[in-house]
Structure formats: structure tokens, C-alpha cells
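> how would this look folded up:
(one chain, ligands or ions: 1)
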Amino acid sequence: MRVEDIDSICDIERESFTTPWSAGAFHNELTNNHFAHYLVMQLDGEIVGYGGMWMIVDEAHVTNIAVRTAYRGRKLGERLLIQLQSAAVFLGAERITLEVRASNTIAQRLYAKLGFIPAGLRRGYYTDNGEDAIIMWAHLRRIAEEGAEADE
Ligand SMILES: CC(C)(COP(=O)(O)OP(=O)(O)OC[C@H]1O[C@@H](n2cnc3c(N)ncnc32)[C@H](O)[C@@H]1OP(=O)(O)O)[C@@H](O)C(=O)NCCC(=O)NCCS
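Numbering: from 1, shown residues only. Modelled structure (predicted):
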């Protein structure tokens, strides 16, 4: 993700989240936050999805992932998350974690498919409606090894 991508990212952010991040927040992530790594997914030159994470020692913390509404259900979110996981392994992560709204069963199914397991609850985490966050973790080495075995 580059600074010039931020306008497109904010369009997707607004159609995806009830409390979207501002352009300034993304600008700060790209220019000031040395822990941050953001990817965009392009289709025919158009940004159709993005995802990001913070690398904290050997842990990757996913901050957000979204696919443009018109492009959902085509395995693009899955490819994006696999890319984030691969980048996290490349950057030295052993584990990857994220928080997801208790009501967001679509995202939870995607995460479960890619090895994430629920590990706890942050009660009332989301300030807009007081919803709980489910904390999920995945072991990246295990996923990488299983992938290598499947390739053999
Ligand atoms: C979550 C999100 C990124 C998924 O992207 P996507 O490209 O539509 O998902 P994919 O087509 O790659 O689907 C991958 C898996 O996700 C789950 N999934 C996706 N859409 C689903 C749906 N409508 N119903 C149930 N499960 C669904 C399934 O497990 C699916 O695998 P399967 O097709 O083998 O069953 C997308 O829905 C999105 O941007 N949502 C809004 C933002 C958001 O909620 N982000 C997560 C915040 S924590």
C-alpha cells in the first residue's frame, strides 16, 4: 500500500466498517509506524482489497482486512489473508492474531479456514455498539509446514 492508494482504501473502508479508519490514520500507518505492513490487492489496475498488520517481535497483529463489496465471495479475501500470513512468516512471525466482532461470522469462517482458533473474548470492545471482540490466533510455523507437506 502506498500513500497514493489511500483514497481508494478509504472508499473500501467506508463500505466495510461501521467505524472506518480515517485517511490520516492510514497515512500515519504508512509513513510513521515502523511496525506496520500493508498490502493491497489489485484487479485490472483497481484496488479491490487490502489488509494490514503490525509486526511485534515474533507476533503479527492483523489490524484490518477488507474486500470491496462488489468483489466479495470470489476467494479474494482468502488470498489476501494467505498473503498476509506469508508476509508475516517472511518477517519472522511465529504466530498471528486478530480481533473480530462476535457478529461477524463471515470473517470468522474465513479465519477458521486459515488456521485461526478462538482464544478469548474482549467484552464490549467495540465502542459503537458495545459488541464483544473474539480474539483469534494461528500458529504460522504449523501452517507453513502443513503447506510444505501438501506441496510434496
Ligand atoms: C471478510 C471478507 C474480507 C471476506 O472476503 P471475501 O473475498 O468475500 O471472502 P472469500 O471469497 O475469500 O471467502 C473465503 C472464506 O470466507 C468465508 N466466507 C466468505 N463469504 C462468506 C459468506 N457470505 N458466508 C459465509 N462464509 C463466507 C468462507 O469460509 C469462505 O470460504 P469458502 O468459500 O470455502 O466457504 C469480506 O467479507 C469483507 O471485506 N468484509 C467486510 C470487512 C470485514 O468484516 N473484515 C474483517 C474484519 S475482522
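> Quick check: the gap between residue 40 and residue 119.
29 Å (C-beta to C-beta, to the nearest Å). (C-beta placed from N, C-alpha, C; glycine too.)
> ok, the two, which is more surrounded?
The neighbour comparison of residue 40 against residue 119 (other C-beta atoms under 10 Å) goes to residue 40, with 17 against 11.
> List the buried residues of the helix or strand hosting residue 15.
Using DSSP states H and E, the secondary-structure element containing residue 15 is helix 6-16. Neighbour-count burial for helix 6-16, counted by 16 or more other C-beta atoms under 10 Å, picks out 6, 8, 9, 10, 12, 13, 16.
> Look up how far residue 31 lies from the residue in the chain positioned nearest to the ligand.
Among the residues of the chain, residue 77 lies nearest to the ligand; the distance is 2.2 Å by C-beta to the nearest ligand atom. To residue 31, residue 77 is 26 Å away according to C-beta to C-beta.
> Just want to know which of those two has more residues nearby.
When residue 77 is set against residue 31 and neighbours are counted by other C-beta under 10 Å, the residue ahead is residue 77, at 21 against 9.
> still on that earlier bit, can you list the buried residues of helix 6-16 in JSON lines and add distance to residue 47 and pLDDT?
Rendered in JSON lines, the data for the buried residues of helix 6-16 read as follows (distance: C-beta to C-beta, whole Å; pLDDT from 0 to 100):
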{"residue": "6", "distance to residue 47": "10", "pLDDT": "98"}
{"residue": "8", "distance to residue 47": "4", "pLDDT": "98"}
{"residue": "9", "distance to residue 47": "7", "pLDDT": "98"}
{"residue": "10", "distance to residue 47": "11", "pLDDT": "98"}
{"residue": "12", "distance to residue 47": "7", "pLDDT": "98"}
{"residue": "13", "distance to residue 47": "11", "pLDDT": "98"}
{"residue": "16", "distance to residue 47": "13", "pLDDT": "97"}
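> Name the SS class of the spatially most central residue of the chain, please.
The centroid of the chain falls nearest to residue 65 when counting by C-alpha atoms, centre = their mean (3.6 Å). Per DSSP: H, G, I helix; E, B strand; the rest coil, the local secondary structure of residue 65 is strand.
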